[in-house]
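Undergrad: just a sequence and a predicted model for now, questions to come.
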Amino acid sequence: MENKRYAGGWKIIVLILQQIFIITFIISGCVVSLAFQQNYFSQDIYETEFVNTQFFRDELNNTMGDLFNYLQGRSNFETAGVYDGKKTINIKDYYEDNSKLTRKNTGSLNYYLADLLEWAKKGIKEEAQAMDPSENLYSIIEEEFLPEDGMSLKERYLDVEDYTGYLEAVGYLEGTLDRILKDVTSYKKSAGEFQEGSTNLSYILVNEETGMQYDNMDSTLKTLNIDMVNNKNVDSVKDKMKKLGVFLFYDAHTLVFDSNIDKTSSSFYDYIERYSFLEGSNYKILIGIDKNFPIKDNFVTVKSGYEKLQPWFMLGVILGIASVVGCFLCFVYLTCAAGRVSRDLDIHLNWFDHIKTEIAGLIITIPLLILSGIIFSLTELEYRFEYLITFGVLIYIFHCLFMCGYLSLVRRFKAKTVWKNSIFYMICYNIVLVFRNRKVTTKVFFTYGLICFIALILAGIGFGNGDGTYIFLLLIELITVGIFLLRETVQRKKIMEGVGQISNGDLNYKLLEDEFRGDNKELARAINNIGDGLKNAVDASVKNERLKTDLITNVSHDIKTPLTSIINYVDLLKRENITDEKILNYISILDSKSQRLKHLTEDLVEASKISSGNITLVMERINFKELIIQTSGEFSQKFDSRQLILVQSLPDKSVIINADGRRIWRVIENLYNNVAKYAMENTRVYADLEVIKGKQARFSIKNISEQPLNIQAEELTERFIRGDVSRSTEGSGLGLSIAKNLTELQQGIFEIYLDGDLFKVTIAFPVVE
């Protein structure tokens, strides 16, 4: 039958479309990668104003960092707003953190700024010396410049043999000289970048405690700074700065932060915590940016890049998604059409598919591994345009090789030649062919003898002549034997797993007989037959149990209707003014027996519902402690009638569990009823509630049984099993069974403990916070 879907023309068209889609995906991926390399985020796609984008926020954060670093430099290197080479620098403070330069340390470690810069340019000259008396070597530096007090480090430390102090001071000095030249250079560079006319950013910083005032405003706006110093018209100052378009304001005294740009407060607070020039708690910072960007600075550069990238990014995302969908559809079609032709339904293989599976895998896998290594190495490089082009070409080659190997594998799977056309299959098949239809003992002895014979020959020749070829052949033999034994072990392990599954109750589990060979296959077939037999037996047992349950349910319902009438009429008789004691006794007996029959039918219906799974739980938060207290109160009269003394041990706090209120009450009621019926008179009953490690609420109730308990604890929870063999009490034998089943349905634990005449029941539920 002809099928045009698999015609050669359609395959060629789909292949061409797939190549177009993969090339489109690579190009769009390059565009999107370039966008993400520049921290471009999808939420900025629809933004029409640059100042509302993540591009702008990132540049603003970077610029604020540069600004605060520059202001720290002004604080470190300026006096009265002018660079001061005579300013003293404490090298210990500077070495430890130049952004926390406090200058509280005075004396021998204070140097002039100009001296440190000159010294940093020349470098430190040092000479090796020895410490007395240990002869440990240390370095003495040649001091080009002296500290502020005029006493050299050598005179201050070495002359008094304070070697540790000298080495620490030299360390501070070397660290300071290594950094200060860079810091001053960065400060001078930033001074040009943040001066008026060089940036779109304007700033005012006033610290009333230190008297420090910094700004880059022109003379016409100097009054803004003065107003902020005098704490006058702060709102007016803010309004004037707002007119620029973007502003940030912070008052350290009132802890007020105000900005019309989102997501900037976190980085702003990081900066003000980091730099020491913002000392005290009475300073104000006001930053404004002209959103028209009249001056060409970094904001303008970033804005230009954003405006160029925005339309291409969106187009790249759309084309990328479309190309992925197209590639996937082509991939699905080629997978379905692989090996198919329009003239028939057979699977047709090409010349490459007839190559042995292992050899074909190596032909495809080795180039793919090489390409993968190259591609992963490129991913660690910067996303430059030329790297992305190379990356895209390699991805395309990788795709072509992958599709060749993948489609060949699909054709082999469809033709079922992946295994049969392999070298390993050829070897295994010839070996199996020799031993087929032989007895097990013959196979084992013959195999063992053949292996030993070949191993002895190869070992003798190899070690005798010193020829590595025979040793290699011996190794190949051992590997082959190991693979054979491994296969046998794996098959036996699967058989054992199958036996375990069936023994654990999974009677639908089947061993795949095609995965086994020889005796293992016969054993697998036998185990499957055993599983089928057990399943049939279990199904018959379940059916019989269901019929029993249905019979009990139907009989209980049939009894319930006349029983209700009997109870009602007995109640009517009790309301009549009957004075005859004999008749009253009859009515009392009728009442007690009808109530007992009612409880029995209710227990039967409840038990049948549980066993059939026809029960609905309404889980809610239950105060377990209050439930136990309430139950104890309701059973106090019954306990008193049998002289039972209830001893309770309850926690002080409430214990909350998750359970069905009506069902958990039934469980506790059954336990107390069991005690009231079977406990020995004039004995104590212990009821304890405790919380284990804050995770589990455990309630236990124990008593001394009136009747000997010559029975296993597990049997007491079976239906119609009673503790008194004589059946002299009113129990039905269903109470503990219902209690256990209801407890387990509510994710609880139900345990019974017997020790002589001691009877103890424990139930546990998870505690709810």
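TA: Noted; the coordinates are in hand.

Undergrad: who's sitting farthest from the centroid in the protein?
TA: Distance to the chain centre peaks in the chain at Asp580, reaching 79.1 Å (criterion: C-alpha atoms, centre = their mean).

Undergrad: mind checking pLDDT for it?
TA: For Asp580, the model assigns a pLDDT of 79.

Undergrad: and it, how far from Leu573?
TA: 12 Å (C-beta to C-beta, to the nearest Å). C-beta coordinates here come from the backbone N, C-alpha and C atoms, glycine included.

Undergrad: got it, and Ile451?
TA: Distance, Ile451 to Leu573, using C-beta to C-beta: 95 Å.

Undergrad: how about Phe249, secondary structure?
TA: Secondary structure, DSSP: H, G, I helix; E, B strand; the rest coil: Phe249 is strand.

Undergrad: that one touches Ile285, doesn't it?
TA: Yes: between Phe249 and Ile285 there is a contact under C-beta atoms under 8 Å: 7.1 Å.

Undergrad: ok, these two, which is more surrounded?
TA: With neighbours defined as other C-beta atoms under 10 Å, Phe249 and Ile285 compare such that Ile285 has more, 25 against 21.

Undergrad: just give the closest residue to the more buried one, not the sequence neighbours.
TA: Tyr250 (4.7 Å; C-beta to C-beta, 6 or more residues apart in numbering).

Undergrad: give the burial count for that neighbour, as a bare number.
TA: Count around Tyr250 with other C-beta under 10 Å applied: 21.

Undergrad: pull the contacting residues for it.
TA: Taking C-beta atoms under 8 Å, 6 or more residues apart in numbering, we find Tyr250 in contact with Val256, Phe257, Asp258, Phe268, Ile272, Lys284, Ile285, Leu286.

Undergrad: got a markdown table for those, with distance to Leu475 and pLDDT too?
TA: Below are the contacts of Tyr250 laid out as a markdown table (distance: C-beta to C-beta, whole Å; pLDDT from 0 to 100):
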| residue | distance to Leu475 | pLDDT |
| --- | --- | --- |
| Val256 | 80 | 82 |
| Phe257 | 75 | 84 |
| Asp258 | 79 | 83 |
| Phe268 | 69 | 80 |
| Ile272 | 71 | 77 |
| Lys284 | 82 | 85 |
| Ile285 | 77 | 87 |
| Leu286 | 81 | 85 |
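
Undergrad: name the nearest of those relative to Leu646.
TA: Using C-beta to C-beta, Phe257 comes nearest to Leu646 of these, at 65.1 Å.

Undergrad: quick check: the closest one touching Phe249?
TA: Yes: under the criterion of C-beta under 8 Å, Phe257 makes contact with Phe249 at 7.2 Å.

Undergrad: any shared contact partners between those two?
TA: Counting by C-beta under 8 Å, 6+ apart, nothing touches both Phe257 and Phe249.

Undergrad: so what are the domain limits for this protein?
TA: 85-193, 195-290, 424-503, 616-766 (automatic domain parsing).

Undergrad: for Phe56, which of those domains is the nearest?
TA: Of all those, domain 195-290 sits nearest to Phe56, with 7.7 Å by C-beta to C-beta.

Undergrad: any idea how far apart the tips of the closest one sit?
TA: Using C-alpha to C-alpha, to the nearest Å, one end of domain 195-290 lies 15 Å from the other.

Undergrad: helix or strand: which one has Lys574?
TA: helix 519-575 (DSSP states H and E).

Undergrad: tell me what that helix is packed against?
TA: Secondary-structure packing of helix 519-575 (3 or more C-beta pairs under 8 Å, 6 or more residues apart in numbering; DSSP states H and E): helix 468-503, helix 581-612.

Undergrad: so what does the first one touch, helix or strand wise?
TA: In terms of contact count using 3+ C-beta pairs under 8 Å, 6+ apart, helix 468-503 is assigned the packing partners helix 440-465, helix 519-575.

Undergrad: can you map out the strands along the stretch 1-150 of the chain?
TA: Applying DSSP state E, counting those that start in this stretch to the stretch 1-150 of the chain gives strands spanning 78-79, 82-83, 88-90, 110-112, 125-130, 137-142.

Undergrad: from Ile567, how far off is the residue farthest from the centre of the chain?
TA: Remark: distance between Asp580 and Ile567 (C-beta to C-beta) = 22 Å.

Undergrad: which residues does Ile22 contact?
TA: Contact analysis of Ile22 by C-beta under 8 Å, 6+ apart lists Ser323, Cys327, Ile395, Tyr396, His399.

Undergrad: cool, Leu71 as well?
TA: Residues in contact with Leu71 (C-beta under 8 Å, 6+ apart) are Leu205, Tyr214, Tyr275, Phe277.

Undergrad: can you tell me the closest non-neighbouring residue to Ile289?
TA: The shortest distance from Ile289 to any non-neighbouring residue, by C-beta to C-beta, 6+ apart, is to Val246 (4.0 Å).

Undergrad: quick check: the one you found touching Gly288?
TA: Yes: using C-beta under 8 Å, Val246 is in contact with Gly288, at 6.6 Å.

Undergrad: and Ala687, which of the three is it?
TA: What three-state DSSP gives for Ala687 is strand.

Undergrad: kindly report the same for Asp346.
TA: What three-state DSSP gives for Asp346 is coil.

Undergrad: what about it? Give its phi and psi, please.
TA: Backbone torsions of Asp346, given as degrees, to the nearest 10, read phi -80, psi 160.

Undergrad: report how many residues lie close to it.
TA: 10.

Undergrad: same question, the one 4 residues further on
TA: Around Asn350 there are 10 other residues, counting by other C-beta under 10 Å.

Undergrad: kindly report the same for Gly339.
TA: Counted with other C-beta under 10 Å, Gly339 comes out at 20.

Undergrad: roughly how far apart are Tyr163 and Asp149?
TA: 21 Å.

Undergrad: can you pick out the residue with more neighbours from these two?
TA: Per other C-beta under 10 Å, whichever of Tyr163 and Asp149 has more neighbours is Tyr163, with 16 against 11.

Undergrad: pLDDT at the more buried one, what is it?
TA: In this prediction, Tyr163 carries a pLDDT score of 75.

Undergrad: what's the answer for Lys263, then?
TA: 75.

Undergrad: would you say it is within a strand?
TA: No: assigned with three-state DSSP, Lys263 falls outside any strand and is coil.

Undergrad: residue contacts, it?
TA: Applying C-beta under 8 Å, 6+ apart, we find Lys263 in contact with Arg57.

Undergrad: hang on, Leu177 packs against Ala120?
TA: Yes: in this structure, Leu177 is within contact of Ala120 by C-beta under 8 Å, at 4.3 Å.

Undergrad: which one of these two has more residues nearby?
TA: Neighbours per residue (other C-beta under 10 Å) separate Leu177 from Ala120, with Leu177 holding more: 21 against 17.

Undergrad: which of the helices or strands spans that one?
TA: In this assignment (DSSP H and E), Leu177 forms part of helix 163-193.

Undergrad: how about that helix, which residues are buried there?
TA: Neighbour-count burial for helix 163-193 flags 163, 166, 169-170, 172-174, 176-177, 180-181, 183-184, 187, 190-191 (criterion: 16 or more other C-beta atoms under 10 Å).

Undergrad: which helices and strands does that helix pack with?
TA: With contacts taken as 3+ C-beta pairs under 8 Å, 6+ apart, helix 163-193 sits against helix 54-77, helix 91-96, helix 113-122, strand 137-142, helix 153-157.

Undergrad: angle of the third one against helix 163-193?
TA: Meaning helix 113-122. 100 degrees (axes from the mean of the first three to the mean of the last three C-alpha atoms, to 10 degrees).

Undergrad: and helix 113-122, what's its mean pLDDT?
TA: Averaged across helix 113-122, the pLDDT comes to 82.
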